[in-house]
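S.K.: With the input below, show me the fold.
(2 chains)
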Amino acid sequence: MITLTVNGQAHQVDVDPDTPLLYVLRNDLELNAAKFGCGLGQCGACTVLLDDKPVFSCLVPVAALGARKVRTLEGLPKTLPAAFEAEQAAQCGYCIAGMIVRAQALLERNPRPTEKEMRTHMAPNLCRCGTHMRILRAVRRAAEAMGGGVREEARIGAEEK
Amino acid sequence: MTRGGALAVGIVFVCAAGAVAAIAFAWHPAIDEITPPAPGSFDRYLVAEGEDLANLGNCAGCHTSEPSRPLAGGRALDTPFGKVFATNITPQADDGIGAWSSEAFGRAMRRGIARDGRQLYPAFPYDHFTHATDHQIAALYAWLMTRRPIAGRAPEPQLAGIFAFRPLVAAWNLLYLDEGPLPTDGSRPSQWNRGRVLAEGLGHCSGCHTPRDRFGAEDVARAYDGAWTEGWYAPPLNAHSPAVQPWTPEELQTYLHTGLAPHHAAAAGPMASVTRALAQVPEEDVRAIAVYISSLMADAPASKQDKPQPVDRLAVAQQQHPEAATLYAGACATCHDPGAPMMQQGRPVLSWATPLHEASPHDTVRVIMQGLTPPGGSSGPTMPAYADMLSDQQVQDLAAYLRTRFTDKPAWSDVPAAVAEARK
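M.R.: This next block holds a predicted model:
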């Protein structure tokens, strides 16, 4: 039996220790927000938070968790989901849970990122429908709702003040 | 006058004469400023040649810190003597090299002296660039002077104590600078000679692959013996090459041009940037470098083996590192096991992976923790960074497991230190 804490709740699951966390979340705990995209850590659809860091849950063997706490979209505040809804950021929606979770990690650490920091942070997650611009708008909206905001980069070539 | 007094006067006299000689030696005249030449005044074929050479030497690797400000400098290089900042080499007249004549540029490339006569620090590898041909230097000048001028000056170097005194570099040059183009080795084919000029000159390969002595100069007695660069180990490119498969000219050419060698590894760390630049260089130039560098490894163990067999000591590794075996199965096998999608795309099996065969675990640990971007800057599979997925202890175990399973070399002793360093 392996014990893991997800969204504040302790669970015991009877799985092979090398089972990817994603499978345990979806199959054993029925937390189905995180999606199986590529299974190779290339797309980000399976992103969850491990303590405060976004990780690809398809590549984290459940035995690797130790005492670290898992958070999934189901356990996050509603600020980011509301912003994604308001910006109509989902087309097919498959990537969105991963996008929201990744954005949550950024805004928890820094509610006032620069545009470039936001884009670099979000880059590992892919959206095949191409709604990236709406997704970025949603992250900006959520940052403002959290009392921060995404700062524009200093203009290219302008002197740093 | 006492004998002691006479001796003192004598010593003072000798010291003064020495100082005058040293100043005369370290002093170089400024070369007159010029008005930046119009871009149209340069031969466009020469400019195109210069672009290839700039990629070959990966000028941008150090001189570009912000992609939106190409060649405007600012990137900090950590040396054992302090920090040096790459300068602005755009043709901007005040902050860049716009006021430099071709003569001033040639003197900087060959002798490490700035237009205003100041000594440049050898973090700028003029000890290599001095071996370039006159034509190559002229082409590079034509290319640089036709770039977009960008304002902004690099910060002054932050060097410890006496090293901040630039004229001291004159003494360094006296000891280490072997000025001028390389003589042709008549016993070797012209392609080899061409490769040597490119690799030893603008390519400055040994700048990273040769260990340095205490004055920061390459230790020529240990040429290409492997060295540390920005926390990565640039492996030996001589008889000590740790590669399992031989570096043939073909394999090395593929690696340099694409960032991926099917029987060795993907380029990582500072070498990733080098291969991205070399991807732009004409194939025959990369081929020549590959011919020259692979010849340095003619006596390496891999070159003498007929058909190296891949090592896979699964049972031993599982027994010695049972927890890491589980991590490997859950975190690594989906890409690295035979038959995985990535392996169908010509990635090396881990038994061939050069970092696992190096004497220190640093490169392996860094690749695990920081991941790899697609080779050549193209789109394609990335290796994800495991720094946030695995604990330090887990990375240590995994590195030890990989070493045991895929090599027949002794276990690494300094894995925890390598992990701690990569974590910083």
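S.K.: how about the residues of chain A near chain B?
M.R.: Residues of chain A found near chain B (C-beta under 8 Å from any C-beta of the partner chain) are A:17-20, A:39-42, A:50, A:53-56, A:58-64, A:66, A:68, A:124, A:156-157. The C-beta positions use only the backbone N, C-alpha and C, and glycine is treated the same way.
S.K.: Counting only strands, which of the residues you listed make the cut?
M.R.: A:50, A:53-56 (DSSP state E).
S.K.: Which of the residues you listed are buried? Put it as a PyMOL command.
M.R.: Listed next is the PyMOL selection for buried residues among those, using 16 or more other C-beta atoms under 10 Å in any protein chain shown:
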select buried, chain A and resi 50+54+55+56
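S.K.: Greatest separation within the ones in strands among the residues of chain A next to chain B: which pair is it?
M.R.: Greatest spatial distance in those: A:53 and A:56, 11.0 Å, computed using C-beta to C-beta.
S.K.: Can you tell me the number of residues neighbouring residue A:51?
M.R.: For residue A:51, the count of nearby residues is 12 (other C-beta atoms under 10 Å in any protein chain shown).
S.K.: do you know how far it is from residue B:208?
M.R.: 36 Å (C-beta to C-beta, to the nearest Å).
S.K.: Repeat that for residue B:346.
M.R.: Distance from residue B:346 to residue B:208, counting by C-beta to C-beta: 26 Å.
S.K.: which parts of stretch B:26-34 are buried?
M.R.: For stretch B:26-34, using 16+ other C-beta under 10 Å, the buried residues are B:26, B:28, B:31.
S.K.: closest to chain B among the ones in strands among the residues of chain A next to chain B?
M.R.: Using C-beta to the nearest C-beta, residue A:53 comes nearest to chain B of these, at 3.8 Å.
S.K.: How about the closest one: what's its closest non-neighbour residue?
M.R.: Among residues not flanking residue A:53 along the chain, residue B:388 sits closest, at 3.8 Å (C-beta to C-beta, 6 or more residues apart in numbering or on different chains).
S.K.: if we can go back for a sec, just want to know which of residue B:346 and residue B:208 has more residues nearby.
M.R.: residue B:208 (21 against 12).
S.K.: Give me the mean pLDDT for the helix or strand the more buried one falls within.
M.R.: According to DSSP states H and E, residue B:208 maps onto helix B:206-209. Throughout helix B:206-209, pLDDT has a mean value of 97.
S.K.: Stretch B:54-63 too?
M.R.: Taken as a whole, stretch B:54-63 has a mean pLDDT of 96.
S.K.: Pull out the buried positions in that stretch.
M.R.: B:54-60, B:62-63.
S.K.: got the contact list for the closest residue to chain A within the stretch 251-400 of chain B?
M.R.: Taking C-beta to the nearest C-beta, chain A has its nearest neighbour within the stretch 251-400 of chain B at residue B:330, 2.6 Å off. The contact partners of residue B:330, by C-beta atoms under 8 Å, 6 or more residues apart in numbering or on different chains, come to A:17-20, A:59-64.
S.K.: Now rank the residues you listed by neighbours and give me the top one.
M.R.: Among those, residue A:60 has the most neighbours (other C-beta under 10 Å), with 28 neighbours.
S.K.: Verify the stated contact: that one with residue A:47.
M.R.: No. Residue A:60 is not in contact with residue A:47 according to C-beta atoms under 8 Å; the separation is 10.8 Å.
S.K.: so where do the strands sit in chain A?
M.R.: Using DSSP E, strands in chain A cover A:2-6, A:9-13, A:47-50, A:53-56, A:69-71.
S.K.: Now do the helices in chain A.
M.R.: For chain A, the helices defined by DSSP state H occupy A:21-23, A:79-86, A:96-109, A:115-122, A:132-145.
S.K.: Dump those to CSV, plus mean neighbour count and mean pLDDT.
M.R.: Listed next are those as CSV, based on neighbours: other C-beta atoms under 10 Å in any protein chain shown; pLDDT from 0 to 100:
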stretch, mean neighbour count, mean pLDDT
helix A:21-23, 24, 98
helix A:79-86, 19, 98
helix A:96-109, 23, 98
helix A:115-122, 16, 94
helix A:132-145, 20, 97
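S.K.: Tabulate the ones you listed in JSON lines, adding columns for distance to residue B:189.
M.R.: JSON lines is the format used below for the helices of chain A (distance: least, C-beta to C-beta, whole Å):
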{"stretch": "helix A:21-23", "distance to residue B:189": "55"}
{"stretch": "helix A:79-86", "distance to residue B:189": "63"}
{"stretch": "helix A:96-109", "distance to residue B:189": "54"}
{"stretch": "helix A:115-122", "distance to residue B:189": "47"}
{"stretch": "helix A:132-145", "distance to residue B:189": "52"}
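S.K.: residues of the helix holding residue B:208 that come out buried?
M.R.: Buried positions in helix B:206-209, judged by neighbour count with 16+ other C-beta under 10 Å: B:206-209.
S.K.: and chain A, which of the residues you listed contact it?
M.R.: The overlap between the buried residues of helix B:206-209 and the neighbours of chain A (C-beta under 8 Å from any C-beta) is empty.
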